[in-house]
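1. A structural model of the following input is requested.
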Amino acid sequence: MFTAHADSTDQMRRILAAKYAFPEGVSPAFKDVVRRFLSVNAVHRLGSLKGGVKDVKLHPWFKVCLFLLSYGQMY
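-> Sure thing, here's the model as predicted:
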């Protein structure tokens with residue numbers, strides 16, 4: 001797990017090795033979007049596929065974020 005005191009080089013090494021953990025209570029959609037953004041293989045990385053940014057916007061986690069942002073603008 002990342003901490004505020006972790007060495008940035010160590011954090012980068014963990015990301016590249018896909019060795020990271022999520023704290024309890026993190027939603028499955030958030031875990032999925034982070035894993036897909038951090039994919040070492042660019043062929044599988046969210047946003048770099050054929051759909052590009054559209055794939056990102058259509059991801060379930062961003063749908064919730066966009067809904068909350070638009071809801072806030074309504075009131």
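2. and the residue nearest the centre of the chain, what pLDDT?
-> When Cα atoms, centre = their mean is applied to the chain, the residue found nearest the centroid is Val34 (2.3 Å). On pLDDT, Val34 comes in at 90.
3. setting aside sequence neighbours, what's the nearest residue to it?
-> Nearest non-adjacent residue to Val34, counting by Cβ to Cβ, 6 or more residues apart in numbering: Phe22, 7.5 Å away. In this view, the C-beta of every residue, glycine as well, is placed from N, C-alpha and C.
4. and the one you found, how many neighbours does it have?
-> Burial of Phe22 is recorded as 14 neighbouring residues (other Cβ atoms under 10 Å).
5. now do it against Gly52, distance only.
-> 26 Å (Cβ to Cβ, to the nearest Å).
6. just the buried residues of stretch 26-35, please?
-> Buried residues in stretch 26-35, counting neighbours by 16 or more other Cβ atoms under 10 Å, are found at Val33, Val34.
7. my bad, stretch 40-58
-> Those would be Leu46, Ser48, Asp55, Val56, for stretch 40-58 by 16+ other Cβ under 10 Å.
8. hmm, who's touching stretch 42-55?
-> By Cβ atoms under 8 Å, 6 or more residues apart in numbering, the residues outside stretch 42-55 that reach it are Val33, Arg36, Phe37, Ser39, Val56, Leu58, His59.
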